[in-house]
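# This is the structure alone, sequence omitted:
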């Protein structure tokens, strides 16, 4: 696996374990909500992940972007579809989203070069 | 048509005409981009509108929310689907999205009571 | 009760009932989290409400500000203490917080003039 | 004077007096900083007001926008110059700035129709 | 001292000196306000630091978070209390605060492992 | 050229080529708009760059800040003028802008030490 993907995942997992290990009621429930929200429901999981990704892009959270790109990679998103998300995010959020688009595409390329 | 919907649409149209009437190159091109981005492409228009709505909710722009809810109403969104968008927006954007969720649902109800 | 307080509370209650009446799993759990987070715990409820208020101010959510000012009013906050919250919020969030400070103080005065 | 301008100014003045009347050290110093920052310095007042306006637009603070448009009106800004500010604000801040652009232009027109 | 804490503090100090060394009136006054705001007043310093931390978390400023966690460490905050701040920040600010919570806890652990 | 400047420019160029190489209609048009907006018009390019910089600072986008500081460096901005931009950005955006001010000044110094 590429360094970019590996480093993101291992830090994320390590710190999530550290947070959940504290056994704090709110944080456990919030993590639980977070996991369940992106499952199939009235809208399919993939549509929800697209929404999670676009929300992360306009709020400019690089780690959140990486997480949703990883999930969409597993759900079979194509590069053309990713660029559609980039369009909405850059239009709605403005040119300050461009630097995050650069890093998002770099992460996407890293995911695809793994194989 | 309900007052809420009518007032939003008529103010929006009046001021858009005023802005475009100035014939300023950037604003014309930007409005043009805005219109074209939500058309069918690698992702269907409906998915893009969902993304536009969730982006508007986490950025907490009531007028943008109304616009996308109107567009999704025309595209046949159900109330259950709208609540899925609410879920992602509130999860990602936090409890500060709740007041906007209230107004979004009020607008949705106004759209549906028109008939 | 003053109009400002009355209108805020009645709209908020009406729309919360409308949202919860939809019986959507995420929204119910999220509202439940929201209610429980501000209860006494490792930090007292009042300190948590101060945090909720300052977070609402820097994120510039007028309805959230009103809600927390109402809760702090019930918990016995003084005007001097409110100005301490204003200080932190304006320092951290900048002069764009000023218009929200105006409305926050107007709401606080309305709450106190009720009696 | 038009209602829009009149209402904005009178509410703003009333609540500023209320805030400063509390004689709170931080708030007085912060208001003082706010006033002094836009005076002529290494950059002229007009350039600083342009910066204050664009910052207010991308942060989407309608009252701040009105304040700076009022100041720039007094400094002789033209409609063409205002549209240049709109361009930068909409480009950098994205389409969520559009509704604020509508209200900004409405306020500008109200200022100009006073005469 | 751990690298994480050391690096943050030394870069911060170096650049603060560089900024203040320019002897610019606004920046000096603003830094001065920043320092004075968190002192004991109508609310105790610790409560104000809690507010500074929660504001920094919902605005997602990692360096600001580190600064306030450092100050609260000196004021004797416990890990349970820190998790209460995390609760309010994640609830109000949403899941985009999670990555900042990870880094906040890592910094807190680094502070505690110094001894 | 200093590392800081070199690394920023080379990563930016590499990823911009990667994005534009995808030949996606929206992204090409958006990049085009971005380039054209800062050219001389009813306001001179330098004033627009000041606006681009202050907008980037209050939205706290480090890469955007670097880009506009680079452009203003080429347009002959002085350090005193840069501090005027810092004043407006810190006043309007609050103390969360301070960490970005530190990095902005570090980048500015790197640009000037190149020679």
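Received it, and whenever you're ready, just let me know what you need. From a predicted model like this one, the values you see are computed outputs, not experimental measurements. Numbering: from 1, shown residues only, chains lettered A, B, ... in the order given.

# so what's the residue nearest the centre of chain A up against?
Geometric centre of chain A, nearest residue: residue A:68, 2.0 Å, by Cα atoms, centre = their mean. Residues in contact with residue A:68 (Cβ atoms under 8 Å, 6 or more residues apart in numbering or on different chains) are A:49, A:52, A:53, A:56. In short, each C-beta sits where N, CA and C put it, glycine included.

# Dump those residues to TSV, plus distance to chain C and neighbour count.
TSV is the format used below for these (distance: Cβ to the nearest Cβ, whole Å; neighbours: other Cβ atoms under 10 Å in any protein chain shown):
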residue	distance to chain C	neighbour count
A:49	15	23
A:52	13	26
A:53	18	27
A:56	17	28
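
# In strands only, show me these.
In strands, judged by DSSP state E, none of the contacts of residue A:68 are found.

# what's the closest of those to residue B:28?
residue A:53 (29.6 Å; Cβ to Cβ).

# ok, now how distant is that closest one from chain B?
The gap separating residue A:53 from chain B is 8 Å, by Cβ to the nearest Cβ, to the nearest Å.

# give the contact list for the closest residue to chain D within chain A.
As assessed by Cβ to the nearest Cβ, chain D sits closest to residue A:94 within chain A, at 3.1 Å. Residues in contact with residue A:94 (Cβ under 8 Å, 6+ apart) are D:58, D:90, D:91, D:92, D:93, D:94, D:95, D:96, D:97.

# which one of the contacts of residue A:68 sits closest to residue E:2?
Among those, residue A:56 lies closest to residue E:2 (Cβ to Cβ), at 29.8 Å.

# ok, the closest one - contacts?
A:64, A:65, A:67, A:68, B:92, E:96.

# burial measure for residue A:113, as a count.
Neighbourhood size, residue A:113 [other Cβ atoms under 10 Å in any protein chain shown]: 11.

# how much space between the closest residue to it other than its chain neighbours and residue A:111?
Among residues not flanking residue A:113 along the chain, residue A:2 sits closest, at 6.0 Å (Cβ to Cβ, 6 or more residues apart in numbering or on different chains). Residue A:2 sits at a distance of 8 Å from residue A:111 (criterion: Cβ to Cβ, to the nearest Å).

# Which one's more surrounded, these two?
Neighbour comparison, residue A:2 and residue A:111: the larger count goes to residue A:111, with 19 against 15 (by other Cβ under 10 Å).

# can you pull the contacts of residue A:43?
Residue A:43 makes contacts with B:50, B:81, B:84, B:85, as judged by Cβ under 8 Å, 6+ apart.

# Next, format the contacts of residue A:56 as TSV and append pLDDT.
Below are the contacts of residue A:56 laid out as TSV (pLDDT from 0 to 100):
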residue	pLDDT
A:64	98
A:65	98
A:67	98
A:68	98
B:92	98
E:96	98
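
# Inside helices: which ones of those residues?
Secondary structure from DSSP state H places A:64, A:65, A:67, A:68, B:92 of these in helices.

# any idea where the helices of chain A begin and end?
With DSSP H as the criterion, chain A has helices spanning A:3-21, A:25-37, A:45-58, A:62-74, A:79-93, A:98-113.

# Of the ones you listed, flag the one that's most buried.
helix A:45-58 (a mean of 26; mean count of other Cβ atoms under 10 Å in any protein chain shown).

# Wait, residue A:70 touches residue A:112, no?
No. Using Cβ atoms under 8 Å, residue A:70 makes no contact with residue A:112, being 11.5 Å away.

# Tabulate the contacts of residue A:43 (a markdown table), appending distance to residue C:15 and pLDDT.
Formatted as a markdown table, those follow (distance: Cβ to Cβ, whole Å; pLDDT from 0 to 100):
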| residue | distance to residue C:15 | pLDDT |
| --- | --- | --- |
| B:50 | 22 | 98 |
| B:81 | 19 | 98 |
| B:84 | 19 | 98 |
| B:85 | 17 | 98 |
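
# Now for the residue nearest to the residue nearest to the centre of chain A when sequence neighbours are not counted: which residues touch it?
Closest residue to residue A:68 apart from its sequence neighbours, by Cβ to Cβ, 6+ apart: residue A:53 at 3.9 Å. By Cβ under 8 Å, 6+ apart, the residues touching residue A:53 are A:65, A:68, A:69, A:72, A:85, A:89.

# who's in contact with the fourth one?
Residue A:72 makes contact with A:46, A:49, A:50, A:53, A:81, A:82 under the criterion Cβ under 8 Å, 6+ apart.

# And stretch A:84-103, end to end?
16 Å (Cα to Cα, to the nearest Å).

# Report the distance from it to the chain centre.
Remark: stretch A:84-103 is offset 14 Å from the chain centroid, using Cα atoms, centre = their mean, to the nearest Å.

# if I pick the nearest residue in space to residue A:37 that is not next to it in sequence, what's in contact with it?
In this structure, residue A:37 finds its nearest non-sequential neighbour in residue B:91, 4.9 Å apart by Cβ to Cβ, 6+ apart. By Cβ under 8 Å, 6+ apart, the contact list for residue B:91 reads A:33, A:34, A:37, C:26, C:30, E:94, E:95.

# Tabulate the residues you listed (TSV), appending pLDDT.
Formatted as TSV, the contacts of residue B:91 follow (pLDDT from 0 to 100):
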residue	pLDDT
A:33	97
A:34	97
A:37	97
C:26	97
C:30	98
E:94	98
E:95	98
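
# I'd like to know which of these is nearest to chain F.
Using Cβ to the nearest Cβ, residue E:94 is the member of those that sits closest to chain F, with 17.3 Å.

# Could you find the closest non-adjacent residue to the closest one?
Nearest residue to residue E:94, sequence neighbours excluded (Cβ to Cβ, 6+ apart): residue B:94, at 3.0 Å.

# Which phi and psi values does the one you found adopt?
The phi/psi pair for residue B:94 (degrees, to the nearest 10) reads phi 90, psi -180.

# With residue A:44 instead?
Torsion angles, degrees, to the nearest 10, at residue A:44: phi -70, psi 150.

# just residue A:42 next, same as before
Dihedral angles for residue A:42 - degrees, to the nearest 10 - are phi -60, psi -30.

# tell me the pLDDT at it?
With respect to pLDDT, residue A:42 has a value of 97.

# Distance check, the closest residue to it other than its chain neighbours against chain F.
Nearest residue to residue A:42 in three dimensions, chain neighbours excluded: residue B:80, at 3.9 Å (Cβ to Cβ, 6+ apart). Noted for residue B:80: a distance of 30 Å to chain F, by Cβ to the nearest Cβ.

# roughly how far out does stretch A:45-58 sit from the chain middle?
Put simply, stretch A:45-58 sits 8 Å off its chain's centre (Cα atoms, centre = their mean).

# Please read the previous query as pertaining to stretch A:61-71.
Stretch A:61-71 sits 2 Å away from the centroid of its parent chain (Cα atoms, centre = their mean).

# again, but for stretch A:98-112
The answer for stretch A:98-112 is 11 Å, by Cα atoms, centre = their mean.

# next one: stretch A:49-65
6 Å.

# for stretch A:27-38, same thing?
The answer for stretch A:27-38 is 15 Å, by Cα atoms, centre = their mean.

# One more: stretch A:68-84?
Its chain's C-alpha centre and that of stretch A:68-84 lie 10 Å apart, by Cα atoms, centre = their mean.

# same deal with stretch A:16-26?
On Cα atoms, centre = their mean, the centre of stretch A:16-26 falls 21 Å from that of its chain.

# Once you drop chain neighbours, what's closest to residue A:63?
Leaving out its chain neighbours, residue A:63 is closest to residue E:99 (Cβ to Cβ, 6+ apart), at 3.7 Å.

# correction: residue A:98
Counting by Cβ to Cβ, 6+ apart, the residue nearest residue A:98 is residue A:90, at 6.7 Å.
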